[in-house]
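Visitor: model the following, please.
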Amino acid sequence: MKKWAQNWSASNGQPNYFEAVWNATEQYYKSSNRSINPDHQPNITFEKILGDMLALAHWMEPPPLGNALRQIARANAVPPNLAFPLYDDGNRYGATVMIIDQLSYLLEQLALDMRERCRQINVTAPHFQSYNQLLRALCSAFDVGIYNLNYDNVAVRAWPGAFTGFSPGHAFNAGIVHKRMQWDFIYHLHGSVHHSLERESGSSIRWQANLGATFVDGHHGPASDRRSEGKLFPTSTLIAGGFKLDQLLVEPFQSFYAALVRHVYEADAILIGGYGFGDPHVNRALQNRMKSAAERGEQRPPLMILDWATNKNTSICRDDLWSLHSCNALATNESFFHNSGDPKTPLTSELARDGFRVNGTHRIALWIDGFIEAVPHLDLILRWLDG
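Guide: Predicted structure coming up:
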């Protein structure tokens, strides 16, 4: 994405706002003068920078549409270390337009890049076959619904008959999503490589099955979609960066998120695969479900996390942002990161012996040796999720 940002800057003759925000964020994190656990240090990711670019675009909007804090912090002056060549008294929206233009370009390049990666997936490769085996086993034992937080089409290729929320005519049908009682679905909560705008200036998202077809991933020109606090958002087929609750306001994302909350409460068992617990809207849906069960004295649904960790030491707890966020999301403490080998039932003993960390109190099992590497333990996984 840094390379894409450089290309945009060179072709438009404008400053590289992505790079400027990235460098400023690095500087800000390094300026902390107090001791902090290195594992608790927030990471700089492209999503963090895209979110801050959007905040900067709003900051640079002229009164009364921009951020009033600019008056408090800078007496309405522009940031001292950033150049905005197209911003002056005669063109007060120039800075906002150019920042959002670069942001839109980066989102389009992200969609193109992910689409090309997905076109190259080898469905005959052993890893894909292992993934397919895991998914088939789950579908044979349960009514399954998948919420994909990435943009890839791996699940769709492994389960081509799953409902995606789009009608046979490829248009999104919110009514069907909200009325649908059965499961057997794959919902792409943050967008998909199969998403395309209906036309160059359109806003409705359609499903394009052929990844080699023509796609429209965004608009060119000034953004006009205002959401919370009057912030302008670019039209995009993907959700990336900050202010995700704002980004979820448009379809199909709003309906998918509403369905997620409902399904989290309906689920008899939950399997979480490869999730970094970095999305507060997803974390809160899980947290509310788990807290609700505890407050009513109900048993939690059995939950399993399939993940990968560098530190394979089973005698200690992880102490990083992943563990902190996951503990909050699951309304628990860090004790389930211990491989306690809860001996109350033969199943938990088997899981612990085979490398799972188990906490019977919270009904959580954690596997940290890789998603595909869990496939040999399918029998144990299915038995755990079956309760």
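Visitor: which other helices and strands contact the helix or strand residue 305 falls within?
Guide: With the criterion set as DSSP states H and E, the secondary-structure element containing residue 305 is strand 303-306. Contact analysis of strand 303-306 by 3 or more Cβ pairs under 8 Å, 6 or more residues apart in numbering; DSSP states H and E lists strand 270-273, strand 364-367, helix 378-385 as its packing neighbours. Glycine gets a C-beta too; all of them are placed from N, C-alpha and C.
Visitor: so how far is residue 4 from the residue nearest the centre of the chain?
Guide: Most central residue of the chain, judged by C-alpha distance to the mean C-alpha position with Cα atoms, centre = their mean, is residue 149 at 4.3 Å. The span separating residue 149 from residue 4 equals 22 Å under the rule Cβ to Cβ, to the nearest Å.
Visitor: ok, back up a step: what does the helix or strand following the strand holding residue 305 contact?
Guide: Scanning forward in sequence from strand 303-306, with DSSP H and E defining helices and strands, the next element found is helix 321-329. With contact meaning Cβ atoms under 8 Å, 6 or more residues apart in numbering, helix 321-329 is reached by 39-40, 42-43, 276-278, 282-284, 286-287, 305, 317, 333-334, 337.
Visitor: any idea of the mean pLDDT for helix 321-329?
Guide: Model confidence over helix 321-329, given as mean pLDDT, is 87.
Visitor: I'd like the numbering to begin with 59 instead of 1 from here.
Guide: New numbering, starting at 59: the last item is helix 379-387.
Visitor: CA atoms of it as PDB?
Guide: C-alpha atoms of helix 379-387 as PDB (Å, rounded to 0.1, in the frame of the first residue of the first chain):
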ATOM      1  CA  LEU A 379      -3.000  -7.100  22.700                       C
ATOM      2  CA  TRP A 380      -4.600 -10.300  21.200                       C
ATOM      3  CA  SER A 381      -5.100 -11.800  24.600                       C
ATOM      4  CA  LEU A 382      -6.400  -8.600  26.100                       C
ATOM      5  CA  HIS A 383      -8.900  -8.000  23.300                       C
ATOM      6  CA  SER A 384     -10.000 -11.700  23.200                       C
ATOM      7  CA  CYS A 385     -10.500 -11.800  26.900                       C
ATOM      8  CA  ASN A 386     -12.700  -8.700  26.800                       C
ATOM      9  CA  ALA A 387     -14.600 -10.000  23.800                       C
END
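Visitor: list the helices and strands the longest helix along the chain packs on?
Guide: Across the chain, the longest stretch assigned as helix under DSSP state H is helix 152-177. Helix 152-177 sits against helix 60-70, helix 75-88, helix 104-117, with contacts defined as 3+ Cβ pairs under 8 Å, 6+ apart.
Visitor: now find how far off-centre it is within its chain.
Guide: Its chain's C-alpha centre lies 17 Å from the corresponding centre of helix 152-177 when counted by Cα atoms, centre = their mean, to the nearest Å.
Visitor: buried residues in it, which are they?
Guide: Judged by neighbour count using 16 or more other Cβ atoms under 10 Å, the buried positions of helix 152-177 are 152-169, 172-173, 176.
Visitor: domain map for the protein?
Guide: Domain segmentation of the chain under automatic domain parsing yields 60-178+271-298, 184-269+309-443.
Visitor: run through the bridge partners of the closest residue to residue 310 other than its chain neighbours.
Guide: Setting aside the residues directly before and after it, residue 310 is nearest to residue 230 in space (Cβ to Cβ, 6 or more residues apart in numbering), at 4.4 Å. For residue 230, the residues forming beta bridges with it (DSSP bridges) are residue 224.
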